[in-house]
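1. what would the 3D arrangement of this be:
(chains A, B, C and D)
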There are 2 protein chains.
Amino acid sequence: MKPLVLPPLARPDGMTTHDYAFNRLRQAIMVGAFRPGTSVTIRGLAEALESSPTPVREALRQLTSIGALQFLENRRIVVPHITPARFEELISLRIALESHAARRAVAHLSERQIENITAIDDSIETEIRRGDKVAALIANQAFHRKIYTANPDPVAMPLIESVWLQLGPILGIAMEHVTELYVVDRHREAIEALRRRDEEAVADAIAADIREGIGGFDQQAVARLLRLAA
Amino acid sequence: MKPLVLPPLARPDGMTTHDYAFNRLRQAIMVGAFRPGTSVTIRGLAEALESSPTPVREALRQLTSIGALQFLENRRIVVPHITPARFEELISLRIALESHAARRAVAHLSERQIENITAIDDSIETEIRRGDKVAALIANQAFHRKIYTANPDPVAMPLIESVWLQLGPILGIAMEHVTELYVVDRHREAIEALRRRDEEAVADAIAADIREGIGGFDQQAVARLLRLAA
DNA sequence: AATCTCTTTTTGTGATCACATTTTCAGAAA
DNA sequence: TTTCTGAAAATGTGATCACAAAAAGAGATT
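-> Residues are numbered from 1 along each chain as shown, chains lettered A, B, ... in the order given. Next up is the predicted model:
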């Protein structure tokens, strides 16, 4: 058994073991730390997290509920495989969900929040220039999340994160093959539209942003990689 | 402790205790067997299901992942409350998700499948005439599910079911106050559009179907009920 | 060298128990 | 009657163990 490498994550006080395991695994999958097809074991993770099977199993079950993992028929636990068709469906779903969420958030965004979002966009570019792919990815997710959660009832957010999780393993592959990240300027476009309170323009900018790339990764290139891996 | 009443559900051979608990609770919530704010206990459910805390807790954790339940700060487990605003957000999300899923399914539907869907629609009307609200609800969900899962990669389906689950408790309230169900003929409209392979018309029919009612329940009336309950 | 068979190890499952926190509720005090 | 207090009960959490199924590996056979 390979000694599982898990990106570190602080454990806030009072957080249950189960919650900690869930969040840490979730974060790991979301930023591409696991490749499609990777299998994990309850006991292995329990050891890596210095815990016991019970809370880990609960965390794994939750992760399967949101599409991040899969319990196979033979009881094996794996990171789901992704076909090119499934990848295309997920991107298309992201566009539908996120342009919807963006549209429903516009009316609730304060000037202050828009400034905040602009600052996050700057940090994305900083990370891209520094070449830190994972940090750029996380900042990009923060950018999107900040917009959608301006809605006081962000019911779409958990669903969006579920799609991000399902795309995570792809990002891991992409990060291995893509050497250069590029700055997406659809973000500036979205911010401008937010300032004008133009719901349709915001939705369009977000849709274009997703269609053109996955947080700094060229989508066409990723699709090509997938076809090769299949 | 009130002796929990849970709608029965067959347990297929080889299904794990955990899976059975999950499916049974899920089904119960989806058809409105629990009111918003209802609290459940792990031991209580374990007893009702003639099982033990471990698999039940896993099932409950999974249900929270998909928005069907909520673990509060004080460790209480409850069916989430719904505000009118949240209800409106969920309906709007249903429209976005399901019109998208319908559009992406059209190209994959065979004539045979369309016939099947027509038959399901007939069964909805039968149940409505018989006055069996729960059966009508289940048939209505089957109608929608059958369309969306024609897509060989139905990645949106789990998200759609998550929204259905979050609307479930509302349906329970609706069923208490609404005496008369009515037949939605947007279904016929959708079927006609499916036959013509008209993606936009299908998406529009589904959107209208959702906007006008929740599987036989008048949406405006439900919104009014919610405002009263709040 | 490839395939089959049987043993050993690994792994998921579910029941049980101890512990800490929360809730409940009876009885006292205002 | 209402409010406060403290003991008892209920509840979520997590570790452990026994069990059955699956996987891995060793050795024999073809």
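2. CA only for contacts and neighbour counts going forward, please
-> Will do.
3. per-residue confidence for A:Glu73?
-> What the model reports for A:Glu73 is a pLDDT of 90.
4. from chain B, how far out is it?
-> 10 Å (CA to the nearest CA, to the nearest Å).
5. tell me, how many residues neighbour A:Leu225?
-> Neighbourhood size, A:Leu225 [other CA atoms under 10 Å in any protein chain shown]: 17.
6. that one is in what secondary structure piece?
-> Assigned by DSSP states H and E, A:Leu225 belongs to helix A:219-229.
7. just say helix, strand or coil for the nearest residue to A:Gln166 once chain neighbours are set aside.
-> Of all residues not flanking A:Gln166 in the chain, A:Ala68 sits nearest, at 5.5 Å (CA to CA, 6 or more residues apart in numbering or on different chains). The three-state label given to A:Ala68 by DSSP: H, G, I helix; E, B strand; the rest coil is coil.
8. equivalent analysis for A:Pro12, please.
-> With three-state DSSP as the criterion, A:Pro12 reads coil.
9. on that earlier part again, show me what the helix holding A:Leu225 is packed against.
-> With contacts taken as 3 or more CA pairs under 8 Å, 6 or more residues apart in numbering or on different chains; DSSP states H and E, helix A:219-229 sits against helix A:84-105, helix A:157-177, helix A:199-212.
10. for the residue nearest the centre of chain A, give me its contacts.
-> The centre of chain A sits closest to A:Trp164, judged by CA atoms, centre = their mean, with a distance of 3.6 Å. Counting by CA atoms under 8 Å, 6 or more residues apart in numbering or on different chains, A:Trp164 touches A:Met30.
11. how close does it sit to A:Leu90?
-> Distance of A:Trp164 to A:Leu90, computed by CA to CA, to the nearest Å: 9 Å.
12. what's the burial count for A:His144?
-> That count, for A:His144 with other CA under 10 Å as the rule, works out to 21.
13. mind giving me the packing neighbours of the helix or strand containing it?
-> Assessed by DSSP H and E, A:His144 sits inside helix A:133-148. Using 3+ CA pairs under 8 Å, 6+ apart, the elements in contact with helix A:133-148 are helix A:84-105, helix A:111-130, helix A:157-177.
14. by how many degrees do it and helix A:199-212 diverge?
-> 160 degrees (axes from the mean of the first three to the mean of the last three CA atoms, to 10 degrees).
15. the inter-axis angle of helix A:133-148 versus helix A:157-177?
-> Using the same axes, to 10 degrees, helix A:133-148 lies at 160 degrees relative to helix A:157-177.
16. and helix A:133-148 with helix A:84-105, angle?
-> For helix A:133-148 against helix A:84-105, the angle by the same axes, to 10 degrees is 40 degrees.
17. domain parsing of chain A, as residue ranges.
-> A:17-78, A:84-229 (automatic domain parsing).
18. turn those into TSV, columns for distance to DNA strand D.
-> Shown next, in TSV, are those (distance: least, CA to the nearest atom of the strand, whole Å):
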stretch	distance to DNA strand D
domain A:17-78	3
domain A:84-229	20
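19. minimum distance to DNA strand C: which of the ones you listed has it?
-> domain A:17-78 (3.3 Å; CA to the nearest atom of the strand).
20. can you give me the end-to-end span of that closest one?
-> Start-to-end, domain A:17-78 (CA to CA) is 22 Å.
21. that domain close to DNA strand C?
-> Yes: interface with DNA strand C: domain A:17-78 contributes A:40-44, A:53-54, A:57, A:75-77 (CA under 7 Å from any atom of the strand).
22. of these, which belong to strands?
-> A:40, A:77 (DSSP state E).
23. out of the residues of domain A:17-78 next to DNA strand C, which are buried?
-> A:40-42, A:44, A:53-54, A:57, A:77 (16 or more other CA atoms under 10 Å in any protein chain shown).
24. helices and strands of chain A: which one has the lowest mean pLDDT?
-> strand A:217-218 (a mean of 64; mean pLDDT, DSSP states H and E).
25. the helix holding A:Leu225 - what's its average pLDDT?
-> 70.
26. what angle do the helix or strand containing A:Ala28 and helix A:157-177 make?
-> Using DSSP H and E, A:Ala28 sits within helix A:17-30. Interaxial angle of helix A:17-30 relative to helix A:157-177 (the same axes, to 10 degrees): 50 degrees.
27. contacts for helix A:17-30 next, please.
-> By CA under 8 Å, 6+ apart, helix A:17-30 touches A:6-9, A:11, A:34, A:49, A:51, A:55-56, A:58-60, A:62-63, A:68, A:164-169.
28. next one: stretch A:183-198
-> With CA under 8 Å, 6+ apart, stretch A:183-198 has contacts from A:106-107, A:109, A:111, A:114, A:117-118, A:121, A:125, A:128, A:199, A:201-203, A:205-206, A:208-209, A:213, A:215-216.
29. what subset of the residues you listed is buried?
-> Counted by 16+ other CA under 10 Å, the contacts of stretch A:183-198 give A:106, A:109, A:114, A:117-118, A:121, A:125, A:128, A:199, A:201-203, A:205-206, A:208-209, A:213, A:215-216 as buried.
30. rewinding a little: and the residue nearest to A:Gln166, how far is that from chain B?
-> From A:Ala68 over to chain B (counting by CA to the nearest CA), the distance is 12 Å.
31. one more: A:Ala119?
-> Applying CA to the nearest CA to A:Ala119 and chain B gives a distance of 28 Å.
32. how many other residues sit next to that residue?
-> A:Ala119: 12 neighbours (other CA under 10 Å).
33. which ones are touching A:Leu49?
-> A:Ala21.
34. could you find the residue in chain A that comes nearest to chain B?
-> Taking CA to the nearest CA, chain B has its nearest neighbour within chain A at A:Gln62, 4.7 Å off.
35. and for A:Glu111, nearest residue in space, chain neighbours not counted?
-> A:Arg195 (7.7 Å).
36. what's around that neighbour, how many residues?
-> The burial count for A:Arg195: 15, using other CA under 10 Å.
37. and for A:Leu72?
-> Counted with other CA under 10 Å, A:Leu72 comes out at 10.
38. and A:Asp132, by the same measure?
-> 13.
39. phi, psi for it please.
-> phi -90, psi 100 (degrees, to the nearest 10).
40. do A:Leu181 as well
-> phi -90, psi 150.
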